[in-house]
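Student: I need the structure of the sequence given here:
(one chain, ligands or ions: 1)
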Amino acid sequence: MFGAQSTTNQLALTIDDGYCAECVAAYVAFVQQTGIHITFSPNGAYRGYWEPFADTLKPLIEAGQVQIANHTYDHYDLTRSSNAQVHSELDRNELWIEQTFGVTSRPWYRPPFGYHNARTDEIAGQLGYTKVLMWNGTFGDATLLTPDELMAQATQYLKPGTVMLGHANHPTVTHLFDRIRSIIDERGLEPVTLDEMFGTSRAEG
Ligand SMILES: [Zn+2]
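Tutor: Below you'll find the predicted structure:
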C-alpha cells in the first residue's frame, strides 16, 4: 500500500495532467483561495493551460504550499517506451517545470497510468527520480464522471494517510470543491504536499 502511516491525519492531494483549461484554472483558484496544500503533476504537453498560472503558483511553491511532481512531458506509457524516450520524457518535463515554475520536480515521478517497472525506475533513478509516486485513493476522474460518482470516490478515499489521485481534465470536480473541502474538514484531515508527508525536499536528486 502506498501512503502514509495510519497514525497521521495527513492527506496528500495529487492532481495530474491538465488537458482542460477551465479545470486547471479552477484548481489554481481553489488552492489560492483556500491555502490548501497540494501536489500538481502537470504534463508539459498541456503547458498552454498551466503557464498562465505560473506567476500565481510560483510564490505558493516557494512557500511550500504547492509542490510539482514529474508526470512526463507527453504522458506516454513508459513501459512501452525506449530507454532514450523514458529519459527524454522525464528530462523534457523537468526542464519545462524548472523554466515555468522555478523549481525542480525531483525526486518524485508519477508514471503515466501508474505503469512502471524496474527498467523505467532505473532510468528515472539515474535522473534523480528516486521516488515513484503511486496512490492509495482516487477520485477516479481520469475519465468523465458524474458529480455523484466523483463524490462517492471522495467519500471512500479521503482518509488519513491517503495519497489521493485526481485529474485537472474534466470539469466535474471543479463544481465539487466545497463538498470535498467539507469532507476534509469534517474528518479532521490535514492536506499536505509530498514533501510534508514523506520528508523529501527540493534539494534532493
Ligand atoms: Zn496522467
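Student: So which residues of the protein form strands?
Tutor: 10-17, 38-42, 66-68, 108-109, 131-132, 137-138, 163-167, 190-192 (DSSP state E).
Student: touching the ion at all, the fourth one?
Tutor: The reference is to strand 108-109. No. Judged by C-beta under 5 Å from the ion, strand 108-109 makes no contact with the ion; its nearest approach is 11.7 Å. Just so you know, the C-beta spots here come from the backbone N, C-alpha and C atoms, and that holds for glycine as well.
Student: Would you mind listing the outside residues contacting that strand?
Tutor: Residues outside strand 108-109 that contact it (C-beta atoms under 8 Å, 6 or more residues apart in numbering): 39, 67, 69-72, 90, 124, 129, 131-133, 194, 200.
Student: got it, and the longest one?
Tutor: Contacts made with strand 10-17 from outside it, assessed by C-beta under 8 Å, 6+ apart, are listed as 4, 27, 36-43, 46, 69, 71, 75, 110, 133, 135, 158-169, 184, 189-194, 196-197.
Student: Asn169 touches Val24, doesn't it?
Tutor: No. Checked against C-beta atoms under 8 Å, the pair Asn169 and Val24 is beyond contact range at 9.3 Å.
Student: overlap in contacts of these two?
Tutor: Gly18.
Student: who has more neighbours, these two?
Tutor: Val24 (25 against 20; other C-beta atoms under 10 Å).
Student: And the more buried one, how far from Asp17?
Tutor: As judged by C-beta to C-beta, to the nearest Å, Val24 and Asp17 stand 9 Å apart.
Student: Give the residues shared as contacts by the two.
Tutor: Contact criterion C-beta under 8 Å, 6+ apart; residues shared by Val24 and Asp17: 42, 46, 168.
Student: show me what contacts the second one?
Tutor: For Tyr46, the residues meeting the contact criterion (C-beta under 8 Å, 6+ apart) are 17-19, 24.
Student: any idea which of these has the most stuff around it?
Tutor: Most crowded among those, counting by other C-beta under 10 Å, is Gly18 at 27 neighbours.
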